[in-house]
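J.: Sequence plus the predicted model coming up.
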Amino acid sequence: MNSNASLLQLKHVTQVYGSGQKRFVAVQDVNLTMNEGEFVALLGPSGCGKSTLLRIITGLQPATEGRVLYRGAQLKGINPNSSIVFQSFALFPWLTVLENVEVSLKARGVPPRLAVTRALDLLDRVGLDGFETAYPRELSGGMRQKVGFARAMAVEPELLCLDEPFSALDVLSAEALRGELLELWTGGRIPTRAILMVTHNIEEAVIMADRIVVMDKVPGRVVTDMKVSLPHPRMRKDPKFLEVVDRVYGILAGQTLPEHLEMGTAPGEPGRTRALPHIVLNELIGLMEFLDTMPNDRVDIYRLAEELVMNSDRLLRLIDAAELLGFATIAHGDITLTPLGETFAEASILARKEIFATRIRRLPVFRWLAAMLTATDGHQLKWNVIQTALELEFPSEEAQRQLDSAVNWGRYAEILAYDDDAELISLEPALGGQTPEQGGKQEGAGKPH
């Protein structure tokens, strides 16, 4: 396999959703080249545009700006030389395992006899020999995903795209399937010329890929393109492996910026509106308490993930929240509690709420929300009114998540109230001056979706 031959090129690719004031840049000015023989991982936090890029590369959607070249030619429509494996198994429940693989071949016009032969061969290669007549309901999650791999590879794609293919599996099934895919790839037992995998799992990327393209969000863009020169199979306890993982954690965690840059701006103001990390507040409290018990001030984020048995995406969101609130600083892949973070970790329940409330009142998005509520009679607004305003800054689903987070944070701090029946968000009396009855119900979390 010629590892120097260029297979895929993205040139200044940008993807914009919406128009006018509701214009959201999902991916901005992405340049990427893939050569034959490469296994490349697109790594980044949720919402950074990884899956969007995958759809653009396979031709499932056109880019708003920029060019996609495949073997030097402009891609138009669906890329016939690629196939994609999704995180959901996406099998037809009424078809057998063999029929599920055959269906992709029939769609490409492969003669029935050849389709059966090729499908049987691939099922044998992925370890499903003997399950040809089984239905998806009879298989485990790992086995169903193997059928998805076999179906994607049946059309002999030059470029195999994987959209978080192991994320729906339990830990042991995912680990087994990763190893089996790598065995097929490194052993040259599949016809694929290159693999592009989307993931937010740092260890998964380092275990499997030859290159890791790290992306950041708002808007989605490439921040680092790094080679992984470790030979296969890779050992998790190998110091060189740990060094690469630690370096990637450092890139994704970034460095703590000055407060005015870290907080961003409010909706409608010039500059970047800072999104609230999607976290469970009790987990943030637990993280602060854990860090406060550590013997060293600086804690390696990768080691922290190991000790907490927490995946990288979830941990990095918690760290992002701690950084945003001024409870911790990040530098060179390490996290350090600030004096405020230490105070928060050691405080009583009520004192924590007061500290949290003081910190979130400084956040531009909360100042914006409080100003909107203060300007209304009764200091309250319908959920959908605020969500519509947020949709000028974020896509609809993200705006909904942002408001859900804001309400949960505000309720914990006792500065916001939410009435689920009336779908009303209001200021608590201490901040808005309304009566307790106007504050709405206090039980539960944000709006259920």
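T.: In hand now; what should we look at?

J.: residue boundaries of the strands in the stretch 301-449 of the chain?
T.: 328-331, 334-337, 380-382, 416-419, 424-427 (DSSP state E, counting those that start in this stretch).

J.: so what are the domain limits for this protein?
T.: Following automatic domain parsing, one gets these domains for the chain: 6-252, 277-357, 367-439.

J.: how about a markdown table for these, with mean neighbour count added?
T.: Yep, even glycine has a C-beta here, placed from its N, CA and C like the rest. Formatted as a markdown table, these follow (neighbours: other Cβ atoms under 10 Å):
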| stretch | mean neighbour count |
| --- | --- |
| domain 6-252 | 18 |
| domain 277-357 | 17 |
| domain 367-439 | 18 |
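
J.: Arrange the ones you listed in TSV, one row each, with distance to residue 264 as further columns.
T.: Output for the domains of the chain, formatted as TSV (distance: least, Cβ to Cβ, whole Å):
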stretch	distance to residue 264
domain 6-252	9
domain 277-357	9
domain 367-439	10
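
J.: Those into a markdown table, with extra columns for mean pLDDT and distance to residue 260?
T.: Converted to a markdown table, the domains of the chain look like this (pLDDT from 0 to 100; distance: least, Cβ to Cβ, whole Å):
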| stretch | mean pLDDT | distance to residue 260 |
| --- | --- | --- |
| domain 6-252 | 87 | 17 |
| domain 277-357 | 92 | 12 |
| domain 367-439 | 85 | 13 |
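
J.: Go through these and name the closest to residue 258.
T.: Residue 258 lies closest to domain 277-357 among the domains of the chain, at 11.2 Å (Cβ to Cβ).

J.: end-to-end on that closest one?
T.: 16 Å (Cα to Cα, to the nearest Å).

J.: And for stretch 86-96?
T.: Start-to-end, stretch 86-96 (Cα to Cα) is 19 Å.

J.: who touches that stretch?
T.: 99-100, 103, 132-137, 141, 144-145, 147-148, 151, 163-168 (Cβ atoms under 8 Å, 6 or more residues apart in numbering).

J.: Likewise for stretch 109-124?
T.: Contacts of stretch 109-124 (Cβ under 8 Å, 6+ apart): 97-98, 101-102, 105-106, 129, 131-132, 147, 150, 153-154.

J.: swap the cut-off to 10 Å and go again
T.: Stretch 109-124 is contacted from outside by 97-106, 108, 128-132, 146-147, 149-156, 184, 190-191, using Cβ atoms under 10 Å, 6 or more residues apart in numbering.

J.: quick one: the residue nearest to residue 315 when sequence neighbours are not counted from residue 318, how far?
T.: Nearest residue to residue 315 in three dimensions, chain neighbours excluded: residue 305, at 5.1 Å (Cβ to Cβ, 6 or more residues apart in numbering). Distance, residue 305 to residue 318, by Cβ to Cβ, to the nearest Å: 10 Å.

J.: Please apply the same query to residue 253.
T.: 11 Å.

J.: Overlap of the contact sets of those two?
T.: Looking at what touches both residue 253 and residue 318 (by Cβ under 10 Å, 6+ apart), the common residues are residue 335.

J.: Report the secondary structure state of residue 215.
T.: Judged by DSSP: H, G, I helix; E, B strand; the rest coil, the three-state class of residue 215 is strand.

J.: ok, it touching residue 54?
T.: No - Residue 215 is beyond contact range of residue 54, at 11.7 Å (criterion: Cβ atoms under 10 Å).

J.: what do those two both touch?
T.: 42, 198.

J.: for residue 12, helix, strand, or coil?
T.: Residue 12 is classified as strand under three-state DSSP.

J.: contacting residues around it?
T.: Residue 12 touches 28-31, 63, 65-67, counting by Cβ under 10 Å, 6+ apart.

J.: where exactly do the helices run in the stretch 301-449 of the chain?
T.: In the stretch 301-449 of the chain, the helices defined using DSSP state H, counting those that start in this stretch lie at 301-308, 312-324, 339-346, 349-360, 364-374, 383-390, 396-412, 429-432.

J.: do you know which of the domains of the chain lies nearest residue 261?
T.: Nearest to residue 261, of the domains of the chain and by Cβ to Cβ, is domain 277-357 at 11.4 Å.

J.: Next, the angle helix 396-412 makes with the helix or strand harbouring residue 8.
T.: Following DSSP states H and E, one finds residue 8 within strand 6-17. Relative orientation of strand 6-17 versus helix 396-412 (axes from the mean of the first three to the mean of the last three Cα atoms, to 10 degrees): 60 degrees.

J.: So which elements touch the very next helix or strand once past strand 6-17?
T.: Using DSSP H and E, the helix or strand that follows strand 6-17 in sequence is strand 24-35. Helices and strands touching strand 24-35, by 3 or more Cβ pairs under 10 Å, 6 or more residues apart in numbering; DSSP states H and E, are strand 6-17, strand 39-43, helix 50-58, strand 65-70, strand 194-199, strand 211-216, strand 221-227, helix 396-412.

J.: Dump the ones you listed into TSV; add distance to residue 385 as well.
T.: Formatted as TSV, the helices and strands packed on strand 24-35 follow (distance: least, Cβ to Cβ, whole Å):
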stretch	distance to residue 385
strand 6-17	22
strand 39-43	37
helix 50-58	29
strand 65-70	33
strand 194-199	35
strand 211-216	31
strand 221-227	32
helix 396-412	10
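
J.: nearest to residue 78, of those?
T.: helix 50-58 (7.1 Å).

J.: so that closest one versus strand 24-35, what angle?
T.: Orientation check (the same axes, to 10 degrees): helix 50-58 against strand 24-35 gives 60 degrees.

J.: what's the offset of helix 50-58 from the middle of its chain?
T.: From the chain centre to the centre of helix 50-58 is a distance of 14 Å (Cα atoms, centre = their mean, to the nearest Å).
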